[in-house]
Structures are given as C-alpha cells and as structure tokens.
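[1] The amino acid sequence is not available; the structure is as follows:
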Ligand SMILES: [Fe+2]
Ligand SMILES: [Fe+2]
C-alpha cells in the first residue's frame with residue numbers, strides 16, 4: 001500500500017480513538033455521571049488542528065486525483081467534499097458549546113450538550129465509514145503507483161500534533177486515551 005494511503009488510514013484509526021473518547025464522555029453526561037469537559041475541549045481542539053486542518057484537505061487532493069481517473073464514485077466524492085468543507089465549522093461550533101459549558105457563561109442543559117455532541121460524533125463516524133467502506137477500496141483499486149508517487153511528492157508526511165508528539169499540547173489527552181484503552185482494550 002502507498003505511504004499516503006497508510007497515513008490516511010492511520011489517521012482514521014486515530015480519529016476513531018478520539019471519537020470513542022468523546023462518546024464515552026457524552027455517555028457520562030447523559031447518565032448523570034461525571035464528564036471531563038476539559039478533556040472534551042482538548043479532543044475537539046485536536047480535531048480542529050489535525051483532522052479538520054490537515055487530514056481532510058489531504059484527502060481532497062487524493063479524491064480529485066481519483067476523479068481524473070474515474071467517474072465511478074462521483075456522487076460519493078461530491079458528498080465527502082461537501083462534508084470536508086463543513087466539518088471545521090461543525091467542530092468549532094460544538095467546541096464553542098463545550099467552552100461555554102466550561103466557562104459557565106451560559107447555563108447549558110446537559111441534554112443540549114449530549115444531543116449536539118451525539119449528532120457531531122455520529123456525523124464524524126458516518127463520514128469515516130463512507131471513506132473506509134466505499135471510497136478507500138476504490139482508491140486502492142484505481143490509482144496506480146505513478147499516481148501515488150505524484151500525490152506523495154505533493155504531500156510530505158504530516159506530523160500529528162498528538163499521536164506523533166507524546167509531550168506537548170495534547171499530552172494529557174493522549175495519556176488519557178492510552179489509559180482508557182489499557183483498561184477497556186483498543187476500540
Ligand atoms: Fe474525510
Ligand atoms: Fe478521512
């Protein structure tokens with residue numbers, strides 16, 4: 001498999017781990033438990049700074065290259081590109097809601113946070129599943145070694161600010177994700 005395809009799939013596994021963390025916190029919120037809102041803020045901040053900012057724009061370039069080779073997945077690609085365009089605002093909106101809940105500037109009912117959060121994680125998962133289940137197999141079957149080489153020349157390997165940097169801005173979040181998976185087993 002090409003280096004780029006591996007990177008995109010590795011990103012998906014990482015995004016899945018972050019979504020699982022958000023879902024677990026939303027379950028805490030829904031069940032009158034003790035959610036860690038600061039952890040949710042960190043998770044959403046990470047999504048804004050890597051998946052939304054780096055991962056999806058890289059996919060856009062690959063999808064356009066695929067489109068030059070085949071029109072087979074046009075509708076799927078249109079839908080995914082549209083989602084990519086709207087995802088940063090979606091993440092920001094939910095993050096701002098969590099920020100407000102933390103700052104208590106507005107008293108936000110738990111139910112609102114849970115509903116908005118679940119809508120958010122559901123949309124993220126559905127996007128991921130469409131890519132993994134429908135489009136990525138077509139990319140692998142259609143793009144040849146020269147295509148991948150050209151794409152890789154355009155896009156050097158990125159640095160994930162959490163998973164490629166144990167120390168730093170997301171170190172607490174990373175430690176939490178790892179400890180949770182040690183207890184529950186990887187998602
Ligand atoms: Fe995507
Ligand atoms: Fe993706």
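    Everything's here; your move. Bear in mind that the values here come from a model prediction, so they are computed numbers and not experimental data. Ligands and ions are numbered 1, 2, ... in the order given.
[2] what residues does this protein put near ligand 1?
    56, 59 (Cβ under 5 Å from the ion). Every residue, glycine included, has its C-beta placed from N, CA and C.
[3] Would you mark the buried spots in the helix or strand where residue 16 lies?
    Assigned by DSSP states H and E, residue 16 belongs to helix 3-30. For helix 3-30, burial by neighbour count (16 or more other Cβ atoms under 10 Å) applies to 4-5, 7-8, 11-12, 14-26, 28-30.
[4] Tell me what angle the helix or strand just after it forms with helix 3-30.
    The helix or strand immediately downstream of helix 3-30 is helix 37-49, counting by DSSP H and E. On the basis of axes from the mean of the first three to the mean of the last three Cα atoms, to 10 degrees, helix 37-49 is oriented at 150 degrees to helix 3-30.
[5] so where's the longest helix in this protein?
    Using DSSP state H, we find that the single longest helix of the chain is helix 74-103.
[6] Packing partners of it?
    On a contact count with 3 or more Cβ pairs under 8 Å, 6 or more residues apart in numbering; DSSP states H and E, helix 74-103 meets helix 37-49, helix 56-69, helix 110-130.
[7] next one: the helix holding residue 16 to chain centre, how far?
    A distance of 6 Å separates the centroid of the chain from that of helix 3-30, by Cα atoms, centre = their mean, to the nearest Å.
[8] Mind giving me the packing neighbours of it?
    Under the contact criterion of 3+ Cβ pairs under 8 Å, 6+ apart, helix 3-30 touches helix 37-49, helix 56-69, helix 110-130, helix 136-142, helix 145-154, helix 171-184.
[9] So for residue 167, which of the helices and strands packed on helix 74-103 sits nearest?
    Closest to residue 167 of the helices and strands packed on helix 74-103, according to Cβ to Cβ: helix 37-49, at 14.4 Å.
[10] Cool, thanks, signing off.
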